[in-house]
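Visitor: the following block contains a protein sequence and its predicted model.
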Amino acid sequence: MLKATLRSFLAHKGRLVLSALAVVLSVAFVAGSLIFSDTVARTFDRLFASTSADVQVGPEEDDLKEAVPSGEVRTLSTSVVPRIRAVDGVAATHIDAEVENITVVDRHNDSVGPTTGAPTIATNWDPTDRSPVRLTSGHAPHGAGQALLDADTADKKHVRIGDTLTVLARPGSFKVRIVGIATFRTTNPGAALVFLDTPTAQRKLLGGLGRATSVSVDASPGVSDAVLKQRIARQLGSGYELKTAKEEAKSAAEDLGGFLDVIKFVMLGFAGIAVLVGVFLIVNTFSMLIAQRTRELGLLRALGADRRQVRRSVLTEAVLLGIVSSAVGFGLGVGLAAGLIKLMGVFGMNLKSTEMVVSWGTPVAAFVVGVGVTFVAAYLPSRRAARVSPMAALADAEIAGVGRPLRTRAVVGVLVAAAGAAALVGCAVATKTKPASSLLGLGIVLTLIATVIAGPLLVRPVIRVLGAAFPVVFGSVGRMSRRNALRNPRRTGATAAALMVGLALVAGMSVASASMSKSFDQQIDKTLGADFTVQNANFVPFPQEVTDRIRNTEGVGLVVRQRFTALAVHMPDGKRVRTTAAGWDPQVDSVGHVTYARGDTAQALAPGRIALDKSFADDHHARVGSVLPVEFPGGQRARLTVGALTDQGGSNFGLQGGFYLGMSTLLKYVPGGQDSAVYLNAAPGTSDSTLRARLDKALDPYPQVQVRDQSDYKKLIHDQIAVLLYLVYALLGLAIVIAVLGVVNTLALSVVERTREIGLLRAIGLARRQLRRMIRLESVVIAVFGAVLGLTLGLIWGVAAHQVLALAGMTALAIPWSTIVAVVIGSVLVGLAAALLPALRASRMNVLAAIAHE
């Protein structure tokens, strides 16, 4: 049986190639994502371990987390340095004055920093053995007008020694002349680095001498980091955060972990799509191969092979396919990881492909995925093969019937569909976002499974409708193509299911994204009343001089500032809520529209007051007049009175609770923040176009901020939503590629299966062109059938997802009809493309040889 299995596998290897491609793609994405993430993690682990001080002393950290950055720089007094030096075991101390929220521009006012989201860091030049860079040309900075720049940034932005740059920091902007170039000793993480001498860094970055962001401490020989940390902690007491080199490296790695997780999960998403769609392809391939090998299997049974041996024979072929595909996929995964490493170099993260990390778990995961997928997909076909009796096989009876299996499918499909529909209905009537999201996910999974199970039952009624015009338009060729698609509902359903999965995903996400865009448009129209908004990307704060420049621009009327701060609020129900609150100038009603359930803007922004969303307040038993203990960054605490409750329909732009307070209150407890946005109106007599031109000119030295009107603001939101949609389209593209392989495979095997039939049709007068048209029409109707199922399922998902969005304040429902029409047209093209090779092969068959085919 083993010899027969191996010979069968080699004899049918050509028919298994397309199935193998689906496994190869899924394994490649799994292996590539794991190798890439392991390589980046190992590289940065070495970087952090080699550059972290033995002990680092910084200002005490709190557990407040900023959903939107405030721009505040946490510092400590350098008066602590002598106390640290007095500790037994301290060999040396180094003051750190480092900030990330800066912008550096050249003489053309073009940004010198990275465009990939990596930070531009300004810090003091105090080289040690642990410094990530070394001076390779020029000299160290001395005095307020000198600076170093990292070599990678200098090379990319064409900055040379002697060039003058402008640094835009929180205390204000200042010019520096580049006097030297510093080169990374290890991996460049993609950031731009500017180095100043220590006094200049303290004054220009932190606002004055005597301040530091941290103090790095070197341990004396024989003193461990942990022991030194304990000694320093006893000397300093409370109010400081101490970390050993190992703890600092771990903290930095955790911060990097979020970035790595995004890349890993995106690539694993591609792998998941490849696996899911590939399962249908493999199931169909093995089912058809078993049907074509009915006589062969019957002979094996007649010669003494029992059912278990036949089943093991089919599964062994599947395992062999999985092993070969996994090996090829793993090799492609290594290449994919190398490509990603090169791509990161384009974005400024210079990794070395020679240091690629392939841990033992990566090939194990790759082969588990590859072999597991093929084994699971081939299990049902192997059971059907084992049920063939010797006499039925010798009579050339086809295994795939439509009796009991389809009746079983009907019962199971209806039950699963009912459960899925109940989950989606529960999602629609839910009043809380979290349970609604859970029910939505459950409903999507169950309805997808139900559609896959019941797909063959829908083949006959749906394809009869889709192909109703074929006999009229294409005559007998159209009639035969429709009947061919109806001949084996299970095969047609499985082929279409591969395409259905991808199209259901894109349809559902298209509805959700279109609804989000429309909802944000409505919210902007409803809440934003300013002529112009000036802000940075993602609300990154900007220096005070930007706001001053706006105020001093001719034609500017009212100016309203917005800032953000992290805080923790102790609610009346005893819960401590960590969130982010916005601070506003008192004239906010002139640039925005706030709907109040209780109170008004004057009460909300009064000193010592705070406002929040009414529904959130009701959930936590708060009301107007309630006194809420509030924790601010840096240990500041206050008791603020609820001055007003808003009713914005959930449109709090992702900030839990919708908290906001007056600018005077915010400045009292968070004095070191920066403006995140400025809303302004034109002065009487100044047109919007004139003011826009003046603002653009006035803010030209500050490339980090943009001037936007309402239409620009909407476009910004649309572009951000489009990023998610592009990812979905990429997933769809992969699904379509594999689905096309599935249709090609099905048609190719179907042509082999119907060789004698095709020969007879050609013998009685069917022309080659008519034969090709028949196969193309069969392919098109299968592809459109998959599109109809996918779009119907996706629209249901999208409408259900809208109910979840509505709970978050995004109440508008939008159906992207243009996308739906494009998908239907695309499915026709997919069907035509998939039929090219099978149709060509069929038309080139020798008529007599085809008739004589066994």
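Guide: Noted; the coordinates are in hand. Residues are numbered from 1 along each chain as shown.

Visitor: any buried residues in stretch 519-530, and which?
Guide: Using 16 or more other Cβ atoms under 10 Å as the test for burial, stretch 519-530 gives Ser519, Phe520, Asp521, Gln522, Gln523, Ile524, Thr527, Leu528, Ala530. Any C-beta I mention is one placed from the backbone N, CA and C, and that applies to glycine too.

Visitor: now, these that are in helices?
Guide: Residues of the buried residues of stretch 519-530 located in helices (DSSP state H): Ser519, Phe520, Asp521, Gln522, Gln523, Ile524, Thr527.

Visitor: how about the residues you listed in a markdown table, adding distance to Pro114 and pLDDT?
Guide: Below are those laid out as a markdown table (distance: Cβ to Cβ, whole Å; pLDDT from 0 to 100):
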| residue | distance to Pro114 | pLDDT |
| --- | --- | --- |
| Ser519 | 33 | 85 |
| Phe520 | 28 | 83 |
| Asp521 | 32 | 84 |
| Gln522 | 35 | 83 |
| Gln523 | 32 | 80 |
| Ile524 | 30 | 81 |
| Thr527 | 33 | 81 |
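
Visitor: out of those residues, the closest to Asp150 would be?
Guide: Phe520 (38.4 Å; Cβ to Cβ).

Visitor: can you tell me the element the closest residue in space to Ser626 that isn't next to it in sequence falls in?
Guide: Spatial nearest neighbour of Ser626, chain neighbours left out: Val642 (4.6 Å); criterion: Cβ to Cβ, 6 or more residues apart in numbering. Assigned by DSSP states H and E, Val642 belongs to strand 637-646.

Visitor: can you name the next helix or strand after that strand?
Guide: By DSSP H and E, the next helix or strand past strand 637-646 is strand 660-662.

Visitor: after that next one comes which helix or strand?
Guide: Next along from strand 660-662, by DSSP H and E: helix 663-669.

Visitor: which residues are in contact with that following helix?
Guide: Identification of contacts with helix 663-669 by Cβ atoms under 8 Å, 6 or more residues apart in numbering yields 561, 563, 565, 581, 583-586, 605, 607-610, 632, 636, 638, 640, 673.

Visitor: buried subset of these?
Guide: Neighbour-count burial (16+ other Cβ under 10 Å) is assigned, among the contacts of helix 663-669, to 561, 563, 565, 581, 583-585, 605, 609-610, 632, 638, 640, 673.

Visitor: closest to Leu457 out of those residues?
Guide: Looking across those and measuring by Cβ to Cβ, the closest to Leu457 is Ala581, at 55.0 Å.

Visitor: which residues does Lys204 contact?
Guide: Lys204 touches Ala144, Val167, Ala169, Pro171, Gly172, Phe174, Leu196, counting by Cβ under 8 Å, 6+ apart.

Visitor: packing partners for the strand holding Val642?
Guide: Contacting strand 637-646 under the criterion 3 or more Cβ pairs under 8 Å, 6 or more residues apart in numbering; DSSP states H and E are the following elements: strand 596-598, helix 601-604, strand 609-613, helix 614-619, strand 627-631, helix 663-669.

Visitor: give me the average confidence score over the helix or strand following the last one.
Guide: It stands for helix 663-669. For helix 663-669, the succeeding helix or strand toward the C-terminus, using DSSP H and E, is strand 677-682. Average pLDDT, strand 677-682: 93.

Visitor: quick revisit: pull out the buried positions in the strand holding Val642.
Guide: Ala638, Leu640, Val642, Gly643, Ala644, Leu645, Thr646.

Visitor: closest to Val569 among those residues?
Guide: Of all those, the one with the least separation from Val569 (Cβ to Cβ) is Leu640, at 8.4 Å.

Visitor: out of the contacts of Lys204, who's nearest His802?
Guide: Set against His802, the nearest of these by Cβ to Cβ is Ala169 (44.2 Å).

Visitor: now for that closest one: which residues touch it?
Guide: Counting by Cβ under 8 Å, 6+ apart, Ala169 has contacts Val99, Ile102, Ala122, Lys204, Leu205, Pro543.

Visitor: pretty sure the fifth one is in a strand, no?
Guide: Pointing back at Leu205 there. No. Applying DSSP: H, G, I helix; E, B strand; the rest coil, one finds Leu205 to be helix, outside a strand.

Visitor: how far away is it from Ser214?
Guide: To Ser214, Leu205 is 13 Å away according to Cβ to Cβ, to the nearest Å.

Visitor: now the common contact residues for these two.
Guide: Glu98.

Visitor: comparing these two, which residue is more hemmed in?
Guide: Taking other Cβ atoms under 10 Å, Leu205 and Ser214 do not tie; Leu205 has more neighbours (26 against 22).

Visitor: measure that one to Tyr596 for me?
Guide: From Leu205 over to Tyr596 (counting by Cβ to Cβ), the distance is 41 Å.

Visitor: please apply the same query to Gly443.
Guide: From Gly443 to Tyr596 the distance is 36 Å (Cβ to Cβ).

Visitor: looking at these two, which is more packed in?
Guide: Per other Cβ under 10 Å, whichever of Gly443 and Tyr596 has more neighbours is Gly443, with 24 against 16.

Visitor: could you look up the SS state of that one?
Guide: Gly443 - assigned by three-state DSSP - is helix.

Visitor: thinking again about what came up before, cross the contacts of Lys204 against strands and list the overlap.
Guide: Secondary structure defined by DSSP state E assigns Val167, Phe174, Leu196 of the contacts of Lys204 to strands.

Visitor: got the confidence number for the first one?
Guide: Each residue has a pLDDT score; the one for Val167 is 92.

Visitor: touching, it and Val176? I think so.
Guide: Yes. In terms of Cβ atoms under 8 Å, Val167 counts as a neighbour of Val176; the distance is 6.1 Å.

Visitor: can you check which residues contact both of the two?
Guide: Joint contacts of Val167 and Val176 (Cβ under 8 Å, 6+ apart) are Ala147, Val194.

Visitor: leaving out sequence neighbours, find the closest residue to Asp613.
Guide: With Cβ to Cβ, 6+ apart as the criterion, Asp613 has its nearest non-adjacent residue at 3.4 Å, and that residue is Gly658.

Visitor: before we move on, what about Val223?
Guide: Using Cβ to Cβ, 6+ apart, the nearest residue to Val223 is Gly89, at 3.8 Å.
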